[in-house]
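Asker: With the input below, show me the fold.
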Amino acid sequence: MAPTKPKVRQDLTVVELDGEAVVYDETDNKLHHLNPTGTIIFKLCDGQSTVQEMAEDISAAFEVEPADVELQIKAMLREFRKQRFFPGPAPTARSRRTRTNGSKSKTKAKAAKKR
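Answerer: Here you go, the predicted structure:
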């Protein structure tokens, strides 16, 4: 499977000032403030670069390790996905009770031990 090239929705309104950005999403009437790091990553989400390529570009510009940058990019992309900056359906929330310990979830098992 080919690496994905993240691309933000075209219908978002973006205003950038002093290295930070405000993103307005008209579909849910929300404003989002991006710090300088988020703004850089947002601008790179143009569908032209993979996460690895983004990390290489940023690490070269700021003289930091690509692996560290890639982790930060992935975290920011998760946040972008949660804020619905990418086309497609909204992500589903994952329950903390999905892992099981025997027939009980870990949360239930911990609660039972405390009794």
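Asker: Quickly note the distance from Glu65 to Leu71.
Answerer: 10 Å (C-beta to C-beta, to the nearest Å). In this view, the C-beta of every residue, glycine as well, is placed from N, C-alpha and C.
Asker: Quick one: list the elements packing against the longest helix along the chain.
Answerer: Counting by DSSP state H, the longest helix found in the chain is helix 66-82. Packed against helix 66-82 by the contact rule (3 or more C-beta pairs under 8 Å, 6 or more residues apart in numbering; DSSP states H and E) you find helix 36-44, helix 51-62.
Asker: Repeat the analysis, applying 10 Å as the threshold.
Answerer: Contact analysis of helix 66-82 by 3 or more C-beta pairs under 10 Å, 6 or more residues apart in numbering; DSSP states H and E lists strand 30-34, helix 36-44, helix 51-62 as its packing neighbours.
Asker: so the longest one versus helix 36-44, what angle?
Answerer: Regarding helix 51-62 and helix 36-44, their directions subtend 130 degrees when assessed with axes from the mean of the first three to the mean of the last three C-alpha atoms, to 10 degrees.
Asker: Show me what counts as buried in helix 51-62.
Answerer: For helix 51-62, a neighbour-count test (16 or more other C-beta atoms under 10 Å) marks Val51, Met54, Ala55, Ile58, Ser59 as buried.
Asker: With only the CA atoms kept, save it in CSV.
Answerer: In CSV, the C-alpha atoms belonging to helix 51-62 read as follows (Å, rounded to 0.1, in the frame of the first residue of the first chain):
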residue,chain,number,x,y,z
VAL,A,51,4.4,12.1,6.3
GLN,A,52,8.0,11.0,5.9
GLU,A,53,8.7,13.6,3.3
MET,A,54,7.2,16.3,5.5
ALA,A,55,9.4,15.2,8.4
GLU,A,56,12.5,15.3,6.2
ASP,A,57,11.6,18.8,5.0
ILE,A,58,10.9,20.1,8.5
SER,A,59,13.9,18.4,10.0
ALA,A,60,16.3,19.9,7.4
ALA,A,61,14.8,23.4,7.9
PHE,A,62,15.0,23.3,11.7
